[in-house]
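In: what would the 3D arrangement of this be:
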Amino acid sequence: MPKLTLGLDYGTNSVRALLVDVGTGAELASSVYDYPSGEAGILLDRRDPNLARQNPQDYLDGFYTTVKEVLQGVDPADVIGLGIDTTGSSPMPIDREGNSLASRPEFEDDLAAYCWLWKDHTSYKEAQEITDSPLATAYLAKCGGRYSSEWFWSKILHCARTAPKIFEAAYSWAEYCDWIPAQITGNKDPHAMARSRCAAGHKAMFADEWGGLPSEEFLASLDPRLADLRGRLYSETLTSDKVAGGISAETAAKTGLKEGTPVAVGAFDAHFGAVASGAKPGTLVKIMGTSTCDCMAHPLEEPLADVPGLCGIVKGSVLPDCWGLEAGQSAVGDLFNWVVKLTGRSHGELTEDGLKLKPGESGLVALDWNNGNRTVLVDAQLTGLLIGQTLHTTPAEMYRAVVEATAFGALTIINRFEEYGVSVKEVVNCGGIAEKSAFVMQIYADVCDRPMKVSRSAQTCALGSAIFGAVVGGAYATAEEAQVKMTGVKDRVYEPIPENVAVYKRLYAVYRQLHDAFGTAEWSGTLANVMKDLIAIREEARA
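Out: As a prediction, the model looks like this:
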């Protein structure tokens with residue numbers, strides 16, 4: 001009899017359910033649910049462009065809707081397990097029963113009661129305060145040396161200061177990769193719900209070496225209310241090859257799933273996408289979407305330095321038996337979409353015209369920080385830059401320049417890994433951009449001077465969830481065993497074009513000059529050469 005597994009991928013704008021054959025990784029059915037609340041699923045406040053929240057009820061409605069749809073014509077007994085990934089850090093305040101405060105009538109008009117989406121940057125001041133704390137040094141060493149406004153503690157501290165009513169009403173807080181498994185299994189008690197090692201380690205400074213979460217002393221130095229909250233959070237975390245619980249009778253009745261079907265401990269979308277793309281030591285997986293997350297696995301037995309600028313070094317966060325390393329860029333697809341909106345041209349039109357341009361022909365260089373910098377500078381207050389425009393600059397030139405900028409940012413991350421002894425032997429890309437845009441992939445190959453591979457699956461995050469569903473369902477003993485059967489890469493590999501590589505080395509030097517000048521306090525020098533260098537490169541390309 002066939003054995004099936006189910007993966008749920010909760011993205012920024014929608015949730016996807018994917019039904020997968022355990023033996024081959026074949027994707028048998030999928031369903032997508034667009035979050036109905038707010039603007040493309042995001043609750044915004046025009047008074048504060050840094051605010052981005054989501055309605056937790058959208059997550060539950062999306063689960064019930066998509067699971068029911070993919071199970072049509074399927075015997076639920078054939079589904080041996082399921083996994084769930086989400087964005088992160090996306091925490092929400094919850095009550096003593098583990099329910100979202102946003103579900104309570106008295107808080108339905110207060111955005112602080114909702115899920116604080118990963119791209120919410122309202123807590124940038126709190127993030128800097130955490131970074132500057134003399135008690136934070138040891139904790140920050142494992143997450144790149146700086147704390148981010150995208151992460152757990154800065155958001156909660158900002159809530160305490162700006163929405164004390166919500167903070168006081170909250171018994172605890174939960175990442176929504178923990179909250180959804182809790183809701184569908186009935187293990188909702190904040191003290192008992194399974195907490196993700198991935199989420200806790202990368203975003204909440206959790207590590208066994210200092211006893212779990214940061215100390216009460218450190219948290220009290222930020223705000224005594226955080227120290228009090230610590231005891232209502234968690235002291236244990238689990239890797240995703242562990243079971244968060246079994247499908248409850250209520251969830252079974254709503255979806256058709258068999259009661260008791262095991263649910264894997266949740267994790268962040270990019271980390272599961274990395275697993276489904278064949279993550280292993282030496283392989284960098286780039287999960288390319290609205291933002292980009294770069295993940296690597298590193299053997300536990302091999303030395304590993306604390307790498308400045310990374311979003312965390314966590315035991316078991318990608319593959320349960322390896323160190324998981326995370327980096328990324330805060331705007332990639334979002335940045336491409338910005339040019340589309342700004343110019344009124346479609347992606348297809350801009351790509352077609354962009355392909356006619358040679359590297360350097362536009363005379364432009366951009367900084368890809370329109371949503372801040374995630375790695376290696378870890379600074380949400382940085383903004384974008386496009387330099388070299390003339391009265392003749394075209395939309396396609398702008399589009400190509402921002403694609404190149406994201407590729408330069410990707411190269412900066414690769415270089416940082418290797419500077420600290422983490423060898424990048426191959427790069428595998430996944431996500432919608434890698435799947436759909438040969439234009440982008442070739443530029444990345446040329447800029448990084450490395451072959452760019454693409455994951456076989458177009459839905460790697462959901463497939464990664466399904467892989468862990470297969471592990472907790474008993475089909476495989478480890479995620480690595482499941483990878484052998486359920487993952488792969490496409491035949492087409494984007495190889496660097498030598499003449500393009502040579503031009504991009506010169507453009508990258510300009511990018512790094514701007515990167516350091518605008519992004520670091522230590523930089524000193526002049527930018528007087530930048531425009532003239534770009535003109536020289538442009539004229540050579542056009543000649």
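In: can you give me the buried ones in the helix or strand hosting residue 396?
Out: Assessed by DSSP states H and E, residue 396 sits inside helix 395-419. Buried positions in helix 395-419, judged by neighbour count with 16 or more other CB atoms under 10 Å: 395-414, 416-417. From N, CA and C alone the C-beta is placed, and that goes for glycine too.
In: the strands in the stretch 101-250 of the chain, which residues?
Out: Ranges of strands within the stretch 101-250 of the chain are 115-116, 172-175, 243-246, based on DSSP state E, counting those that start in this stretch.
In: how many other residues sit next to residue 379?
Out: Residues lying near residue 379 (other CB atoms under 10 Å) number 20.
In: check contacts around it.
Out: In this structure, residue 379 makes contact with 146, 372, 373, 519, judged by CB atoms under 8 Å, 6 or more residues apart in numbering.
In: any idea which of those residues is closest to residue 308?
Out: Distance to residue 308 across these (CB to CB) is lowest for residue 146, with 8.3 Å.
In: can I see the domain layout of the protein?
Out: Following automatic domain parsing, one gets these domains for the chain: 4-268, 279-454+497-543.
In: now those in a markdown table, with mean pLDDT and distance to residue 477?
Out: As requested, the domains of the chain are exported to a markdown table (pLDDT from 0 to 100; distance: least, CB to CB, whole Å):
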| stretch | mean pLDDT | distance to residue 477 |
| --- | --- | --- |
| domain 4-268 | 96 | 9 |
| domain 279-454+497-543 | 96 | 11 |
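In: who wins for proximity to residue 472 among the ones you listed?
Out: Among the domains of the chain, the nearest to residue 472 by CB to CB is domain 4-268 (4.4 Å).
In: now do the end-to-end distance for that closest one.
Out: 22 Å (CA to CA, to the nearest Å).
In: with stretch 386-395 instead?
Out: So stretch 386-395: terminal residues 12 Å apart, CA to CA.
In: mind listing what's buried along that stretch?
Out: Judged by neighbour count (16+ other CB under 10 Å), stretch 386-395 contains these buried residues: 386, 387, 388, 395.
In: can you list which of these are found in helices?
Out: Secondary structure from DSSP state H places residue 395 of the buried residues of stretch 386-395 in helices.
In: could I get the buried residues of stretch 386-395 as JSON lines with distance to residue 293?
Out: Formatted as JSON lines, the buried residues of stretch 386-395 follow (distance: CB to CB, whole Å):
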{"residue": "386", "distance to residue 293": "24"}
{"residue": "387", "distance to residue 293": "27"}
{"residue": "388", "distance to residue 293": "29"}
{"residue": "395", "distance to residue 293": "28"}
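In: and the two most separated of the buried residues of stretch 386-395?
Out: Greatest spacing in the buried residues of stretch 386-395, by CB to CB: 387 and 395 (16.8 Å).
In: ok, now how distant is residue 371 from residue 383?
Out: According to CB to CB, to the nearest Å, residue 371 and residue 383 sit 9 Å apart.
In: ok, and the closest non-adjacent residue to residue 346?
Out: Using CB to CB, 6 or more residues apart in numbering and skipping the chain neighbours, the partner closest in space to residue 346 is residue 340 (6.6 Å).
In: and the one you found, which helix or strand is it part of?
Out: helix 333-343.
In: who are the packing partners of the helix or strand that that helix is followed by?
Out: Using DSSP H and E, the next helix or strand after helix 333-343 towards the C-terminus is helix 347-354. Judged by 3 or more CB pairs under 8 Å, 6 or more residues apart in numbering; DSSP states H and E, helix 347-354 is in contact with helix 333-343, helix 395-419.
In: for the helix or strand just after helix 347-354, which strands pair with it and how are they oriented?
Out: Sequence-wise, the next helix or strand downstream of helix 347-354 (DSSP H and E) is strand 365-367. Here strand 365-367 has these sheet partners by DSSP bridges: strand 385-387 (antiparallel).
In: thinking again about what came up before, for residue 433, state which of the buried residues of stretch 386-395 is nearest.
Out: Distance to residue 433 across the buried residues of stretch 386-395 (CB to CB) is lowest for residue 395, with 18.8 Å.
In: for the contacts of residue 379, give me TSV that also has neighbour count.
Out: Output for the contacts of residue 379, formatted as TSV (neighbours: other CB atoms under 10 Å):
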residue	neighbour count
146	21
372	23
373	26
519	17
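In: now, those residues that are in helices?
Out: Residues of those located in helices (DSSP H): residue 519.
In: between the contacts of residue 379, which sits nearest residue 70?
Out: Nearest to residue 70 among those, counting by CB to CB, is residue 372 at 35.8 Å.
In: how far off centre is stretch 478-492?
Out: Chain-centre distance of stretch 478-492: 21 Å, with CA atoms, centre = their mean, to the nearest Å.
In: list the buried residues of the helix or strand hosting residue 482.
Out: Element membership of residue 482 [criterion: DSSP H and E] is helix 479-486. Neighbour-count burial for helix 479-486 flags 479, 480, 482, 483, 485, 486 (criterion: 16+ other CB under 10 Å).
In: and which of the residues you listed is nearest residue 15?
Out: Among the buried residues of helix 479-486, and counting by CB to CB, the member closest to residue 15 is residue 486, at 20.9 Å.
In: ok, now which ones touch that closest one?
Out: Residue 486 makes contacts with 20, 22, 24, 25, 276, 463, 466, 467, 470, as judged by CB under 8 Å, 6+ apart.
In: quick one: buried ones out of those residues?
Out: Buried by 16+ other CB under 10 Å: 20, 22, 25, 276, 463, 466, 467, 470, out of these.
In: of all these, which two lie farthest apart?
Out: Pairwise distances across the buried ones among the contacts of residue 486 (CB to CB) peak at 13.6 Å, for the pair 22 and 276.
In: so which residues make contact with the one helix or strand residue 537 maps to?
Out: Per DSSP H and E: residue 537 is located in helix 530-542. Helix 530-542 has contacts (CB under 8 Å, 6+ apart) with 358-365, 387-388, 503, 506-507, 510, 513-514.
In: show me what contacts the residue nearest to residue 58 when sequence neighbours are not counted?
Out: Leaving aside its sequence neighbours, residue 58 sits nearest to residue 35 (CB to CB, 6+ apart; 4.1 Å). By CB under 8 Å, 6+ apart, the contact list for residue 35 reads 13, 14, 15, 41, 42, 54, 55, 58, 59, 62.
In: fine by me, we can end here.
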